[in-house]
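> Predicted coordinates and the sequence they were generated for:
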Amino acid sequence: MFNVANYHLTARDIMQVEVETILGDLSIQDAVLLMRRAGTRSLLVEPRQESEPYGIISYSDIVHRVLAEGKDPRKVSVDEVASTPALAVRPSDSIQQMAALFGRQGIGHAPVVDENEHLIGIVSMTDLVTESIAEPS
């Protein structure tokens, strides 16, 4: 049996600091190959200019917006499918805040940005679940 044990954790505690990114003008096929090689289910899309926000693309986006619509992954660019701006969280956001955001917005990944909007990590739904629920000892 499991119990909720780690509600004190924040985004900083559970985020992945190695974040995979991709350029928006690359193809969906390129994105899938990078995801497979990196062992991830999402990529942050690099902003074209420093003042712009990151976008995000996930396996789910690819399935729903490319494959299900019969589009050729070699001919569709990442920018055509990515969500921009990516909904970001702060390092101090709690497990509860992130879970509420993920549920309310129907997302599975969020970049973690500092007070200057610099990317410092990424949090996934998997991170939320595996880090917040612990087996009793």
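That came through, no problem.
> so where is this protein shaky, pLDDT-wise?
1-5, 134-137 (pLDDT under 70).
> All the strands of it, residue numbers only.
Chain-ordered strands for the chain, with DSSP state E as the definition, fall at 3-4, 21-22, 42-45, 55-58, 109-113, 119-124, 133-134.
> and residue 94, which of the ones you listed is closest to it?
Of all those, it is strand 119-124 that lies closest to residue 94, at 11.5 Å by CB to CB. For glycine as for every other residue, the C-beta is placed from the backbone atoms N, C-alpha and C.
> what bridges to residue 27?
The bridge-partner assignment for residue 27, based on DSSP bridges, gives residue 77.
> any idea how far residue 87 lies from residue 130?
21 Å (CB to CB, to the nearest Å).
> So which of those two has more stuff around it?
When neighbours are counted by other CB atoms under 10 Å, residue 87 and residue 130 differ, and residue 87 comes out ahead with 15 against 12.
> Contact partners for the more buried one?
With contact set as CB atoms under 8 Å, 6 or more residues apart in numbering, residue 87 has these partners: 101, 105, 107, 110.
> Show me which pair in the residues you listed is furthest apart.
Across the contacts of residue 87, no pair lies farther apart than 105 and 110, at 8.8 Å, counting by CB to CB.
> Give me the more crowded residue out of the two.
Using other CB under 10 Å as the criterion, residue 105 and residue 110 rank with residue 110 on top: 26 against 11.
> Quick test: name the residue nearest the centre of the protein.
Centrality entry for the chain: nearest residue to the mean C-alpha point is residue 109, 2.8 Å, by CA atoms, centre = their mean.
> For beta bridges, what are the partners of that residue?
The residues that residue 109 bridges to, once DSSP bridges is applied, are residue 124.
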